[in-house]
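Peer 1: I'll drop the sequence and a predicted model, then ask my questions.
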Amino acid sequence: MYTATLNFTLDRVDHDMRAISRMVNGPGWLMRALAGVASWTVAGALRRASAKLSGLVLGVVEIARYVEGLSDEDSALIDASGLVNKKLLHMLDEMKEMHGSGLGILGMAEDIGNPELTEATRQLTALCAEAFEAVARLHWVIAEHDASLAKRLVGYTASTPEDVAAMLERIAAEE
């Protein structure tokens, strides 16, 4: 299993998404000023951010496919420390914020009436939504993978709703 490679790749994706997020989520007044004066510059920056983000989305999709293909026999826990979970949750928050900022820029671009800026912003906003979906899927896939490998304590396993209710009652009684 390539856990070190997977974690390093996720670090790179997280770093690159943060860089894109800083650019897109920058001060609104600055974006409005630039869009009004040099909309072609803003549109170019958004297209470059979109190109980078699309590559990151494909990378996340590939990682998810890789994790899905792992068999329980030849793999180990991916997120034993919980750091991957934390990183993925942060990435999801970044994507939500970028999507919101993108919608704000889109409204401004439509108000200005610049079709190039409007299209670049629509593209970035759509990519932010897809990035969110890809990261959410990866988060789920890793959680499912690790859950299937997690240590099970006697009396603390459940496969039906009734078993879950009984297990929760037992935990509550022990507290």
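Peer 2: Nice, I can see it. Because the structure is predicted, anything quoted here is derived from the model rather than measured.

Peer 1: my guess is residue 123 meets residue 49, correct?
Peer 2: No: Residue 123 lies out of contact with residue 49 (Cβ atoms under 8 Å); the separation is 9.5 Å. All C-beta atoms are positioned from the backbone trio N, CA, C, and that covers glycine.

Peer 1: for these two, indicate the residue with more neighbours.
Peer 2: Counting neighbours by other Cβ atoms under 10 Å for residue 123 and for residue 49 shows that residue 49 has the greater number, 22 against 19.

Peer 1: contacts for stretch 67-74 next, please.
Peer 2: The contact list for stretch 67-74 (Cβ atoms under 8 Å, 6 or more residues apart in numbering) reads 1, 6, 78, 138, 141-142, 145, 148-149.

Peer 1: what residue ranges in the chain score low on pLDDT?
Peer 2: The chain contains residues with pLDDT under 70 at 1-4, 25-38, 40, 74, 152-155, 175.

Peer 1: out of the contacts of stretch 67-74, which is nearest to residue 54?
Peer 2: residue 138 (16.0 Å; Cβ to Cβ).

Peer 1: pull up the gap between the residue positioned nearest the centre of the chain and residue 128, please.
Peer 2: Nearest to the centroid of the C-alpha atoms of the chain, with distances taken as Cα atoms, centre = their mean, sits residue 135, at 3.3 Å. As judged by Cβ to Cβ, to the nearest Å, residue 135 and residue 128 stand 11 Å apart.
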